[in-house]
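Asker: I would like the atomic coordinates for the input below:
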Amino acid sequence: MHSNFIRHTIHLSGTLSADASGVLPAFSNTGIKLLEVAASSSNAGSATLKLGTKTDDDAYMTAKAIGVSNEPVHFTVKDFDGTLADPLKTTCPQHAPRTVFTWALDFDGDGGDAAADVDLVFTFLIGGVNSDVTGLLV
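Answerer: Presented below is the predicted three-dimensional model:
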């Protein structure tokens, strides 16, 4: 049996000295829904994380402090406060096939302490309203 959930993990090793960013793509034939992001650093750093799209880096979540000392903060629909987020905070962000979510990590927040050994774990639901799935294509 196949799971409908995907966990995408990113580890940024060592003490960071620059901001980091990336993309999380939907499959070519299914949409994805972002359910949760867990984020932490191994030290008492001041890093912040924002979530968005290729054209608006905080469209789903404006910059928020990540967890420290290996205690992750879990960002869920109640934390998604960007311009494309549901203002009622009841529906998670969803993308159609072949689109991407973006993430951007400010390694020291507003000039605070640099984060070290950052872990980001994104939990997605496969498919949904914007899905074209009729079976997995090879």
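
Asker: so how far is Ala114 from Ile6?
Answerer: 30 Å (Cβ to Cβ, to the nearest Å). The C-beta positions use only the backbone N, C-alpha and C, and glycine is treated the same way.

Asker: er, Leu16 actually
Answerer: 5 Å.

Asker: shared neighbours, the two?
Answerer: Gly45, Ala47, Phe107, Asp108 (Cβ atoms under 8 Å, 6 or more residues apart in numbering).

Asker: quick one, phi/psi of Asp79?
Answerer: Main-chain dihedrals, Asp79, degrees, to the nearest 10: phi -100, psi -10.

Asker: I'd assumed Met61 was in contact with it.
Answerer: Yes - Asp79 lies in contact with Met61 (Cβ atoms under 8 Å); the separation is 6.0 Å.

Asker: so which of the two has more stuff around it?
Answerer: In this comparison of Asp79 against Met61, neighbours counted by other Cβ atoms under 10 Å, the higher total goes to Met61 at 22 against 17.

Asker: of Leu16 and Ala114, who's got more company?
Answerer: Taking neighbours as other Cβ under 10 Å, Leu16 and Ala114 compare with Leu16 leading, 20 against 17.

Asker: now do the contacts for Lys50.
Answerer: Shown in contact with Lys50 (Cβ under 8 Å, 6+ apart): Asp57, Asp58, Met61, Thr62, Ala63, Lys64, Gly82, Trp103, Ala104, Asp106.

Asker: show me where this structure has its strands.
Answerer: Along the chain, counting by DSSP state E, strands occupy 5-15, 20-25, 32-40, 48-52, 61-65, 73-75, 94-95, 100-106, 116-126.

Asker: what's the most distant pair in the contacts of Lys50?
Answerer: The span of those, defined through Cβ to Cβ, is set by Gly82 and Asp106 at 15.3 Å.
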